[in-house]
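A.B. asks: pasting the sequence and the predicted model now:
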Amino acid sequence: MGGYLDRPHSSSLADVLNVILDKGLVIDAYVQLSLLGVDVLSVDARFVVASVDTYLRYAEATNRLDLAKQTEGKAPPDLAAKAFDSTAETIAHDVAQKKTENFVENVKDFFTPG
């Protein structure tokens, strides 16, 4: 048995790129930024590197082709404005509640015999 093992063949950049475009590469990221327990920013992103044909097969299989259905018919700027309004409203509510509680405590302290 005088055989020898073949060394693995190195792949060129073109071969690697061909495989990525054929099979596709998906990077899914979720980032959430909170400040004092209040969600300030949430980003849910999906990056896809693939040929158009591969992406369309993937999108059809995962029902990602109907963007209007996913966003309830709202355009992305409308969604961003809604998220900003919701965050601003939450912050304003928390600040107003804290100020009211502080005011009530100060009034109680003023009228409490000490």
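C.D. replies: Nice, thanks for sending it over. All figures in this text were calculated on a predicted structure; none of them were measured in a lab.
A.B. asks: in terms of helices and strands, where is S11?
C.D. replies: Per DSSP states H and E: S11 is located in neither a helix nor a strand.
A.B. asks: next one: it from I20, what distance?
C.D. replies: 11 Å (Cβ to Cβ, to the nearest Å). The C-beta positions use only the backbone N, C-alpha and C, and glycine is treated the same way.
A.B. asks: the two: which is more packed in?
C.D. replies: Shown here are S11 and I20; by other Cβ atoms under 10 Å, I20 has more neighbours (14 against 11).
A.B. asks: ok now the longest helix along the chain, how far from the chain's centre?
C.D. replies: For the chain, the helix with the greatest residue count under DSSP state H is helix 76-111. Remark: helix 76-111 is offset 25 Å from the chain centroid, using Cα atoms, centre = their mean, to the nearest Å.
A.B. asks: report all helices and strands that that helix contacts.
C.D. replies: The contact analysis (3 or more Cβ pairs under 8 Å, 6 or more residues apart in numbering; DSSP states H and E) places helix 76-111 against strand 38-49.
A.B. asks: relative to helix 76-111, how tilted is the strand it packs on?
C.D. replies: 160 degrees (axes from the mean of the first three to the mean of the last three Cα atoms, to 10 degrees).
A.B. asks: who are the packing partners of strand 38-49?
C.D. replies: So strand 38-49, by 3+ Cβ pairs under 8 Å, 6+ apart, packs with strand 25-35, helix 76-111.
A.B. asks: list the buried residues for it?
C.D. replies: By 16 or more other Cβ atoms under 10 Å, strand 38-49 has no buried positions at all.
A.B. asks: what's the helix or strand following it in contact with?
C.D. replies: Next helix or strand after strand 38-49 toward the C-terminus (DSSP H and E): helix 52-61. Residues outside helix 52-61 that contact it (Cβ atoms under 8 Å, 6 or more residues apart in numbering): 21-24, 26, 48, 50, 64-65.
A.B. asks: closest to I91 out of these?
C.D. replies: Relative to I91, the closest of those is R64; by Cβ to Cβ it sits at 32.6 Å.
A.B. asks: could you count how many residues lie near that closest one?
C.D. replies: Applying other Cβ under 10 Å, I find that R64 has 14 neighbouring residues.
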